[in-house]
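1. Kindly generate the corresponding structure for this input.
(2 chains)
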Protein chains: 2
Amino acid sequence: MLSIFGVPGLPEIVPGSDLASMIAGAAAAAGTPLADGDVVVVTSKIVSKAEGRIVALDSVEVSPFARQFAERWEKDPAVVELVLQESRRVVRQVGPILITETRHGFICANSGVDQSSSGGHGLAVLLPVDPDASAARIRSGLKARGADAAVIISDTFGRPWREAQTDIAIGIAGMQPVMSYIGQVDPHGHEFRVQALCVADELAGAAELVKGNLSRVPVAVIRGHQWEPDETGTMQSIIRDTERDLFR
Amino acid sequence: MLSIFGVPGLPEIVPGSDLASMIAGAAAAAGTPLADGDVVVVTSKIVSKAEGRIVALDSVEVSPFARQFAERWEKDPAVVELVLQESRRVVRQVGPILITETRHGFICANSGVDQSSSGGHGLAVLLPVDPDASAARIRSGLKARGADAAVIISDTFGRPWREAQTDIAIGIAGMQPVMSYIGQVDPHGHEFRVQALCVADELAGAAELVKGNLSRVPVAVIRGHQWEPDETGTMQSIIRDTERDLFR
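-> Presented below is the predicted three-dimensional model:
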């Protein structure tokens, strides 16, 4: 049995905010203190804010290409410039849509650059530089406060073929993101068709169900999930190699 | 607060099994009877079995193309034939890998044809013919037994760019699969970057966390999720139109 609950009452996050301390404090204040074995799912946006990944759009030096693209498609030139700077490759560009491979290797719209909820006009929020490292820092901070919890940094991504978006994991600490069934056989001797499940993405999506995107609860706790402590887990490890990818 | 629990103790499912009755009975016997407002997530495999979507491989008439492909890549010719028959298009074929668009419009490996856990050697399980209709039948059966529950039929799909698989929704009844934020603005007047969330996929993934693929608990209940009753919801509605899809 799993239970999933949001952590309400977090203070406003600013550059330098100590997220682990704020999350542990808010959870305790809400009457649901963090416990060993919890999985704490943190929306990337507040991680970005705490890490100062906020850019004033009027400070961005816009390249001629970004300016041209922005004019053509009626976008903010500074935002387009940031999207390109945050990417290592444009995977698809059709009309105003830019699907990029981020510097981390994630494939998503606009390199994850977010102009909404950035705390004011004229600002954009960029993805954390190293979400696995962000997760590890939060995990370590929670541990120092008495809770041995796995940490997932989540973001909201679209996907091919299916409309609408879902929350997935971009950073993890304390556990492996994938549960593998490779080599295991069913009672009839067949190998399982399903060979490996990305539980980290399923946990991130489950957390979204209680966080919501409007309710401004950027942290959720999943209690009752069985995970093996493992400090080598990263979300980098689930990025498919270009050679093995049929859809780039 | 959400709680998610598996429904253990389901009897063996055979063609003609009354799933709604079995699920309601098993949930009650486990001490967790279904309640109004629950979301019941059912693994497609048992729906297929109940609907008789099981094929004896030695009964399959194999086309020359399927035979040639199977020989080349050391696959079972009858399985290859079923994969092709269940598809309306091969989206990618690289080596032995067949990514197809199923007759429903889902894009996945091998048209969802499953040789594992099919209840014996020499059998394959096909996806339900109309998973939305399957969900509606189960919903109606649960309602007749006193529980107004939404129903999701789930399957395990891979995805581009990211290793490992996750459970997603292929059928739904009683609610819309997508929560839309379109037109809503944040406190600063920006439209949300996230415009629509496919909660059905997040619910299916969350359910997988308690079902597992080895534990043989093919049904899970999600309690506490707020959903608006709506009999027009389908998973067909989230299949992206080919013209709007950048990755076919």
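
2. Show me what the lowest-mean-pLDDT helix or strand in chain A is packed against.
-> Least confident element among the helices and strands of chain A, by mean pLDDT, DSSP states H and E: strand A:179-180 (a mean of 90). Applying 3 or more CB pairs under 8 Å, 6 or more residues apart in numbering or on different chains; DSSP states H and E, we find strand A:179-180 packed against strand A:196-197. No exception for glycine: its C-beta is placed from N, CA and C like everyone else's.

3. does chain B sit close to the strand or helix carrying A:Val47?
-> Per DSSP states H and E, A:Val47 falls inside helix A:44-50. No. Contact between helix A:44-50 and chain B is absent, the nearest approach being 9.6 Å (criterion: CB under 8 Å from any CB of the partner chain).

4. Just the mean pLDDT for that helix, thanks.
-> Helix A:44-50 shows a mean pLDDT of 97.

5. Touching that helix from outside, list them.
-> A:10, A:13-19, A:54, A:112, A:114, A:117, A:119, A:125-128, A:131, A:134, A:138, A:153-155, A:170-171, A:218-219 (CB atoms under 8 Å, 6 or more residues apart in numbering or on different chains).

6. Look at the residue nearest to the spatial centre of chain A and tell me its secondary structure.
-> Computing the C-alpha centroid of chain A and ranking residues by CA atoms, centre = their mean puts A:Ser154 first, at 2.7 Å. Secondary structure, DSSP: H, G, I helix; E, B strand; the rest coil: A:Ser154 is strand.

7. Was I right to think it contacts A:Glu208?
-> Yes. Contact criterion CB atoms under 8 Å: A:Ser154 and A:Glu208 qualify, at 7.0 Å.

8. residues shared between the contacts of the two?
-> In contact with both A:Ser154 and A:Glu208: A:Asp167, using CB under 8 Å, 6+ apart.

9. list the buried ones in stretch A:20-35?
-> For stretch A:20-35, burial by neighbour count (16 or more other CB atoms under 10 Å in any protein chain shown) applies to A:Ala20, A:Met22, A:Ile23, A:Ala24, A:Gly25, A:Ala26, A:Ala27, A:Thr32, A:Leu34.

10. Tell me how far that stretch lies from the chain's centre.
-> On the basis of CA atoms, centre = their mean, to the nearest Å, stretch A:20-35 sits 21 Å off its chain's mean C-alpha point.

11. what about it, near chain B?
-> No. Using CB under 8 Å from any CB, stretch A:20-35 stays clear of chain B, with a minimum separation of 8.9 Å.

12. one step back: which two of the buried residues of stretch A:20-35 have the greatest separation?
-> A:Ala20 and A:Thr32 (16.1 Å; CB to CB).

13. Buried ones among the contacts of helix A:44-50?
-> A:10, A:13, A:17, A:19, A:54, A:112, A:114, A:117, A:125-128, A:131, A:134, A:138, A:153-155, A:170-171, A:218-219.

14. Toward the C-terminus, what is the element adjacent to the helix holding A:Val47?
-> That would be, after helix A:44-50 and using DSSP H and E, strand A:54-56.

15. Which neighbouring elements make contact with the helix or strand following that following strand?
-> Counting by DSSP H and E, the next helix or strand C-terminal to strand A:54-56 is helix A:64-73. Contacts defined by 3+ CB pairs under 8 Å, 6+ apart place helix A:64-73 against helix A:77-85.

16. what about the helix or strand just after the helix it packs on, near chain B?
-> Next in sequence after helix A:77-85, counting helices and strands by DSSP H and E, comes strand A:87-94. Yes. Strand A:87-94 is in contact with chain B by CB under 8 Å from any CB, via A:Arg92, A:Val94.

17. what's the domain layout of chain A?
-> A:3-51+A:128-241, A:55-125 (automatic domain parsing).

18. Of the ones you listed, which is nearest B:Val94?
-> domain A:3-51+A:128-241 (13.0 Å).

19. And for A:Ala144, nearest residue in space, chain neighbours not counted?
-> If the residues on either side of it in the chain are set aside, A:Ala144 comes closest to A:Ala20, at 7.4 Å by CB to CB, 6 or more residues apart in numbering or on different chains.

20. any idea how far A:Lys75 is from A:Ile239?
-> 27 Å (CB to CB, to the nearest Å).

21. Grab the nearest non-local neighbour of A:Phe157.
-> Nearest one to A:Phe157, counting by CB to CB, 6+ apart, is A:Cys108 at 4.8 Å.
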